[in-house]
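Undergrad: test case, fold it:
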Amino acid sequence: MLLFEELMATQELAEQPVGPALQPPERLSPATTEPSLYGRSFWMAFGANLCATAVMALLFRFSDFVTHLGGTEADLGYIVGVGMIGALCMRLAQGLGVDRFGPRRVWLLSLVLLAAASVGHLAIQSLHDPSVYLLQIAIRTALAGAFGASITYISYQVPAARTVEVLGSLGSSGFVGIMLGTALGDFVSGGEYVTRSHVDAMFVLCTALALAGTFFAWQATTNPVRPPQRQLPPLIPVIMRFHPGVLLLVALAIGIGLGMPGVFVRPFGEEQGITVLAWFFWTYAPTAFAVRLMTRRFSSIYGVRPMILSGLASAVIGSLSLMLVSRGWHFMLPGFFFGFCHALIFPSVTGAGSMRFPARYRGIGVALILAMFDLGNLIGAPLGGSLHEMAVRYDLPTWPIVFSTFAGLLLTIAVTYAVVSGRSQTRPTRRKNRSLRQKSKLDCQLR
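TA: Next up is the predicted model:
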């Protein structure tokens with residue numbers, strides 16, 4: 001990445017949710033006017049993200065692959081869990097790679113890896129094959145790298161004050177991808193009985209979508225300025241210097257809250273005698289898409305704090321409203337609130353958190369925020385499962401305990417964020433109480 005003339009000139013950026021515009025390491029053209037914000041590069045990135053999200057939605061049916069090979073839900077949990085842990089371990093390494101080699105390389109390599117890992121499943125004949133776990137790690141790592149690199153690349157193209165807006169618009173591609181992926185999954189499922197040919201067709205579609213995403217990403221990043229080769233930045237000092245504070249806790253909470261429906265809505269519906277869950281997901285995605293478009297300029301006018309508080313409040317209401325579900329169409333209510341939450345919270349936390357990092361370290365910033373989302377997913381699933389098991393053991397109402405606990409956790413974090421962020425807005429802007437000697441030592445580490 002291009003070295004800034006003065007690294008410490010970004011001190012104000014580390015003190016504010018959204019800082020001044022910085023000259024990025026890779027930039028196609030100055031992004032100062034509205035047409036440049038949503039030009040060809042943006043729409044090609046939109047297409048690449050749509051394809052990657054459609055692959056992720058298709059892989060909601062990964063359980064069909066495990067079941068066909070004689071596996072159980074426990075096997076499914078172990079395979080997906082190992083994949084998530086592998087992706088989490090790779091997050092910060094990918095952030096370093098983005099800052100070292102540029103987001104274009106990481107983006108393209110991630111999508112190629114996604115295609116290779118998808119087609120690799122066609123050769124798997126047994127769950128005892130270690131390749132099952134390796135391919136799952138590769139898929140999760142590839143998705144993490146593709147999303148992280150695309151967010152970083154687009155953040156380089158826009159002024160800092162418009163970052164949350166443009167990332168929100170880019171993220172709306174994910175909701176279209178979810179609808180496309182679930183529709184394709186229903187198309188290839190083959191009805192009641194799933195055969196190996198249906199499973200193979202799913203992975204072929206994943207491969208084709210990943211290759212299409214590679215083409216879009218290539219077109220989105222044509223003729224970038226190649227960053228000069230630099231040594232890897234000191235990871236821990238960079239994170240300690242520019243981390244976004246309480247926003248990391250919010251990212252963790254949203255990973256827990258938004259990950260919960262995807263894991264527990266299906267078993268909850270089965271216990272309620274509800275077999276059709278499309279009411280939830282087909283309310284969730286359109287709501288999130290519409291709200292994302294309607295509020296895309298909200299952050300540049302009002303800031304990110306109202307967006308984050310509104311998103312957290314929606315997640316709390318959505319968790320509590322799940323307890324009211326007794327029929328299929330009742331899922332529309334929690335689907336609406338969780339979609340509303342996703343539309344507001346993801347771009348605001350990702351944009352505000354990553355913009356605390358100067359552009360030369362933006363890849364690390366994005367990777368850190370996304371890693372906290374992943375960590376929240378890893379915490380939320382075992383937490384909900386343990387609560388359910390405990391309630392069954394002691395003959396307590398199972399799902400009310402699960403959903404109310406999630407709601408209470410999210411409410412606690414929302415109050416914490418409101419108090420901490422409110423104090424930071426009321427106190428005058430000043431440098432932290434740190435001696436010049438300590439500052440000089442840390443600055444030398446970052447140079």
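Undergrad: okay, CA-based contacts and neighbour counts for the rest of this
TA: Will do.
Undergrad: so which helix or strand takes in residue 258?
TA: helix 246-271 (DSSP states H and E).
Undergrad: in that helix, which residues are buried?
TA: Applying a neighbour-count criterion of 16 or more other C-alpha atoms under 10 Å, the buried positions in helix 246-271 are 246-261, 264, 268-269.
Undergrad: and the residue lying closest to residue 420 once chain neighbours are set aside, what does it touch?
TA: For residue 420, ignoring the flanking residues on the chain, the nearest one in space by C-alpha to C-alpha, 6 or more residues apart in numbering is residue 246 at 7.4 Å. With contact taken as C-alpha atoms under 8 Å, 6 or more residues apart in numbering, residue 246 is in contact with 417, 420, 421.
Undergrad: isn't the first one up against residue 250?
TA: Yes. Residue 417 lies in contact with residue 250 (C-alpha atoms under 8 Å); the separation is 7.3 Å.
Undergrad: what lies in contact with stretch 119-139?
TA: So stretch 119-139 is in contact with 66, 69-71, 79-80, 82-87, 113-114, 117-118, 200, 203-204, 206-207, going by C-alpha under 8 Å, 6+ apart.
Undergrad: and these, which are buried?
TA: Under a neighbour-count criterion of 16+ other C-alpha under 10 Å, the subset of these counted as buried comprises 66, 71, 79-80, 82-87, 113-114, 117-118, 200, 203-204, 206-207.
Undergrad: next structured bit after whichever strand or helix holds residue 187?
TA: Taking DSSP H and E as the definition, one finds residue 187 inside helix 163-188. Taking DSSP H and E as the definition, the helix or strand that follows helix 163-188 towards the C-terminus is helix 196-220.
Undergrad: buried residues in that next one?
TA: For helix 196-220, a neighbour-count test (16+ other C-alpha under 10 Å) marks 198-220 as buried.
Undergrad: stretch 39-53 too?
TA: Buried residues in stretch 39-53, counting neighbours by 16+ other C-alpha under 10 Å, are found at 41-53.
Undergrad: and which of the residues you listed is nearest residue 376?
TA: Among these, residue 53 lies closest to residue 376 (C-alpha to C-alpha), at 19.3 Å.
Undergrad: residues contacting the closest one?
TA: Under the criterion of C-alpha under 8 Å, 6+ apart, the neighbours of residue 53 are 173, 174, 177, 178, 181.
Undergrad: helix, strand, or coil at it?
TA: Recorded secondary structure, residue 53: helix (DSSP: H, G, I helix; E, B strand; the rest coil).
Undergrad: tally up the residues packed near the nearest residue to residue 325 once chain neighbours are set aside, please.
TA: Closest residue to residue 325 in three dimensions, ignoring its sequence neighbours and counting by C-alpha to C-alpha, 6+ apart: residue 331, at 6.2 Å. A count of neighbours around residue 331, defined by other C-alpha atoms under 10 Å, yields 26.
Undergrad: so residue 331 versus residue 41, what's the distance?
TA: 37 Å (C-alpha to C-alpha, to the nearest Å).
Undergrad: ditto for residue 173
TA: Using C-alpha to C-alpha, residue 173 is found at 14 Å from residue 41.
Undergrad: chain center to stretch 353-363: distance?
TA: On the basis of C-alpha atoms, centre = their mean, to the nearest Å, the separation between the geometric centre of stretch 353-363 and that of its chain is 16 Å.
Undergrad: now do the same end-to-end measure for it.
TA: End-to-end distance of stretch 353-363 (C-alpha to C-alpha): 12 Å.
Undergrad: returning to that earlier point: which of the buried residues of stretch 39-53 sits closest to residue 382?
TA: Distance from residue 382 was checked for each of the buried residues of stretch 39-53 by C-alpha to C-alpha. The minimum falls on residue 53, at 24.3 Å.
Undergrad: now do stretch 320-335: everything it contacts.
TA: Counting contacts by C-alpha under 8 Å, 6+ apart, the residues outside stretch 320-335 that touch it are 272, 274-277, 279-284, 317-319, 399-400, 403-404, 407.
Undergrad: please name the residues that touch residue 41.
TA: So residue 41 contacts 219, 220, 221 (C-alpha under 8 Å, 6+ apart).
Undergrad: same thing but 10 Å
TA: By C-alpha atoms under 10 Å, 6 or more residues apart in numbering, residue 41 lies in contact with 28, 153, 154, 157, 216, 217, 218, 219, 220, 221, 222.
Undergrad: quick check: the gap between it and residue 218.
TA: In this structure, residue 41 lies at 10 Å from residue 218, with C-alpha to C-alpha as the measure.
Undergrad: follow-up on the earlier one: could you look up the SS state of the residue nearest to residue 325?
TA: helix.
Undergrad: could you check the pLDDT of it?
TA: Model confidence at residue 331, given as pLDDT, is 90.
Undergrad: nice, that's everything, thank you.
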